[in-house]
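Colleague: turn this into a model:
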Amino acid sequence: MNAYPDAMSLREARRLFFERSNLGEDGGYSRRWVRIESKPIPFYFPNWKARVAAARLHDLHHIAADYATDWPGEVEISAWEIASGCGRYHAAWLLDIGGFNAGLLLAPRRLFRAFVRGRHTTNLYKEGFADAQLDHVTVGILRDRLDLKTPTPKANATDITLFVFWCLLVILVCDVPPLLGLALLWLIGRKLF
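Modeller: Alright, predicted model coming up:
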């Protein structure tokens, strides 16, 4: 069962999404900093203009694809958006790569399923979506537009190959540099002490 009924307008669904996710009246779009809940200490980063532009579409993706805003849900939406493509939204690529990386440890099966679903659907990063349409488009219309009502097919060889490619790329980008930095610090520490 979907958390947002097909007949609901996107404006109402987004308002409800903000409320359920504790994002504030405008979803945090006007805030200077974004807070990410990472136990035990929250993580903050600047809420730059490109991030807000991507977040406006990302939030509609959460509603249409019915992925939650908890860690597993963010992992799923990251994989789905990467697989369906983030277009010219560089902030979306950057943030989704981080979410994908977290998914490799937190929820690898859900990550894979969402990636396969994304390979066979589309998203709003390709054509955009104006806020002026929020009252006139329902959740169901958006789901139809993004091909989210069709069942996800079984993963094919291309899906699996691309998933492995993205796993390796994300590990190379997100995990290797810090590990090399730690190894370098360890070597320097050994020489000094």
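Colleague: my guess is T152 meets R117, correct?
Modeller: Yes: if you go by Cβ atoms under 8 Å, T152 and R117 touch, sitting 4.4 Å apart. Using the backbone N, CA and C atoms, a C-beta is placed for each residue, glycine as well.
Colleague: just want to know which of these two has more residues nearby.
Modeller: Neighbour count, other Cβ atoms under 10 Å: between T152 and R117, R117 has more, with 24 against 15.
Colleague: three-state assignment of that one?
Modeller: Counting by DSSP: H, G, I helix; E, B strand; the rest coil, the backbone at R117 sits in helix.
Colleague: quick one: the helices in this protein?
Modeller: Under the criterion DSSP state H, helices of the chain are mapped to 10-20, 49-65, 71-84, 90-106, 108-119, 139-145, 157-170, 176-192.
Colleague: show me what the shortest one is packed against.
Modeller: Pointing back at helix 139-145 there. helix 10-20, helix 49-65 (3 or more Cβ pairs under 8 Å, 6 or more residues apart in numbering; DSSP states H and E).
Colleague: out of those helices, deepest packed?
Modeller: Most buried of these by mean neighbour count (mean count of other Cβ atoms under 10 Å) is helix 49-65; its value is a mean of 20.
Colleague: list the contacts of that helix.
Modeller: Under the contact criterion Cβ atoms under 8 Å, 6 or more residues apart in numbering, helix 49-65 has outside partners 3-4, 10, 13-14, 17-18, 27-29, 34, 67-69, 73, 76-77, 80-81, 86, 89-92, 95, 117, 123-125, 128-129, 131, 139, 142-143, 146, 148.
Colleague: hang on, the earlier thing: got the helices and strands packed on helix 139-145 as TSV, with distance to K191 and mean pLDDT columns?
Modeller: Converted to TSV, the helices and strands packed on helix 139-145 look like this (distance: least, Cβ to Cβ, whole Å; pLDDT from 0 to 100):
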stretch	distance to K191	mean pLDDT
helix 10-20	53	96
helix 49-65	40	97
